[in-house]
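> Take a look and give me a structure for this.
(one chain, ligands or ions: 1)
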Amino acid sequence: MDEIPAFELAAHWHKGQVRKGLNAEPFVSHPLRVARLLIQFGVYDQDILDAALLHDILEDTDCPEILIQQQLSRKVLRIVKELTDDKTLLKSARKQHQVERASLLSPEATLIRLADKIDNVGSLLNDPPETWSWQRQRDYVAWANRVVKNLNAPPAELLQSYQQVQAQVWERVTGQIPL
Ligand code: ZN
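The predicted structure follows:
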């Protein structure tokens, strides 16, 4: 049997899911953008790009881990698992856990985590969730900043891109009257 490319796995398992934004775009647009962003910053490693496409698949779908190992590789599965929050924890503990674990990520997972945050924070500018108050958006950016601050030696250009996006979003969300 031919191997299934990562993007097909992502499209299949995230099918029917939508992003929280007003546009309700298909969820899979997010991992696609994360992979594209990495390519824009010169990342061409196949395992990293595959893991970028699959970085939310274990957390947000019922895709079995073994499928990633079989169709991609053990390495891709390892990276995806590094990026998967522990769903047995409560949401607040999960968020704290992600901050604390950021410094322990492998170089591959570090790249994807940073690109993930660029896209998620950027979405607050491009396609903010309708139901999120300014306060909630501020809390989200502040949390993302804490995760990024703890990353171990991320590439300077990618970090700069994050800082530009978060500064734009921060200006927008702090310049508003809280709901
Ligand atoms: Zn993500």
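
> Let me see the contact set for the spatially most central residue of the chain.
When the chain is reduced to its mean C-alpha position, the closest residue under C-alpha atoms, centre = their mean turns out to be D116, at 2.9 Å. Residues counted as contacts of D116 (C-beta atoms under 8 Å, 6 or more residues apart in numbering) are 34, 55, 83. The way it works is simple: take the backbone N, C-alpha and C, and place the C-beta from them, glycine included.

> who touches Y140 in this structure?
Counted by C-beta under 8 Å, 6+ apart, Y140 has contacts 120-121, 124, 132.

> Most neighbours out of those, which is it?
For the contacts of Y140, the largest neighbour count, defined by other C-beta atoms under 10 Å, is 24 neighbours, found at L124.

> quick one: what helix or strand has that residue in it?
helix 107-126 (DSSP states H and E).

> in that helix, what counts as buried?
108-124 (16 or more other C-beta atoms under 10 Å).

> does the ion sit close to it?
Yes. Using C-beta under 5 Å from the ion, we find that helix 107-126 touches the ion at D116.

> what's the burial count for the closest residue to E100 other than its chain neighbours?
Nearest residue to E100, sequence neighbours excluded (C-beta to C-beta, 6 or more residues apart in numbering): N150, at 7.4 Å. By other C-beta under 10 Å, the residues close to N150 number 16.

> go on, E157?
Neighbour count of E157, defined by other C-beta under 10 Å: 11.

> The one 5 residues further on too?
Y162 sits with 21 neighbouring residues when counted by other C-beta under 10 Å.

> could you give the mean pLDDT of the helix or strand it falls within?
Here Y162 is covered by helix 156-174, with elements defined by DSSP H and E. The average of the pLDDT scores along helix 156-174 is 95.

> Just want the angle from it to helix 107-126.
With axes from the mean of the first three to the mean of the last three C-alpha atoms, to 10 degrees applied, the angle from helix 156-174 to helix 107-126 works out at 30 degrees.
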